[in-house]
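# Fold the stuff below for me.
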Amino acid sequence: MFPGASLILLLVAAVVPVFFLLMWIAGGYHRLVASRDRYKNTYAQLDVQLKHRYDLIPNLVETAKGYIKHERGTLQAVVATRNAASAANSRAAQVPGGAAEMKELSGAESALAGTLGRLFAVADAYPDLKVNTTMVSLVEELTSIENKVAFARQAYNDAVVAYNTLRESFSTNMIAGPFSFGPAERWVIERPEAKETPRVALS
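As a prediction, this is how the structure comes out:
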């Protein structure tokens, strides 16, 4: 064995494990980053659909206003809950997966679903409103958006579950903590009826 060979072997024996350790850490870190980016991107798609719905609701209220003037409280409640839901979504979009933000959004969306349900129940008693072409078109568009929101919400929740599973799994759980990969919150529907797409009878 040539002079210094023992030193080289010792260096190799010390460096190789460190190299593989760094590679393992880097691999786990990148998997966590990719998973986190995935659920944030799915929330961005959900945000687009929610904003579309929030933009549509004032037109719905304005159309109904001409027919159900005596239901001012219902109309005001729809506007108020729409504004609250829009504000909650804006905050959630800044911190996708944040526990407080998602809880606030869930509550605000449940309240909005409730007031929209009351609006449609009232509208059902006004035959002229039910056949109004603008109202019919708006309700059809709203129904389509609600379906897209439901799909986007499911995609977001699925991505959150995948991320949380990864961060809690051995061995990425040893990387998640030191690198501040905290848990993400799903969007849980608070009331079963809020899962239903708001509809109004137009027949």
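
# just the helices in the chain please.
Ranges of helices in the chain, per DSSP state H, are 5-65, 72-94, 99-123, 127-130, 133-168, 173-176.

# Compare the ones you listed and report which one is nearest to Ile189.
Closest to Ile189 of the helices of the chain, according to CB to CB: helix 99-123, at 6.8 Å. For every residue, glycine as well, the C-beta is placed using N, CA and C.

# Which strands and helices lie in contact with the closest one?
helix 5-65, helix 72-94 (3 or more CB pairs under 8 Å, 6 or more residues apart in numbering; DSSP states H and E).

# between these, which gets the lowest average pLDDT?
When the helices and strands packed on helix 99-123 are compared by mean pLDDT, helix 5-65 comes last with a mean of 89.

# ok and that one relative to helix 99-123, angle-wise?
Between helix 5-65 and helix 99-123, the angle comes out at 20 degrees (axes from the mean of the first three to the mean of the last three CA atoms, to 10 degrees).

# Show me how far helix 5-65 is from its chain's centre.
Taking the mean of its C-alpha atoms, helix 5-65 sits 15 Å from the chain's own mean (CA atoms, centre = their mean, to the nearest Å).

# Please renumber the chain so that the first residue is 828 from this point on.
Yep, numbering from 828; the last one is helix 832-892 now.

# other SSEs contacting it?
Helices and strands touching helix 832-892, by 3+ CB pairs under 8 Å, 6+ apart, are helix 899-921, helix 926-950, helix 960-995, helix 1000-1003.
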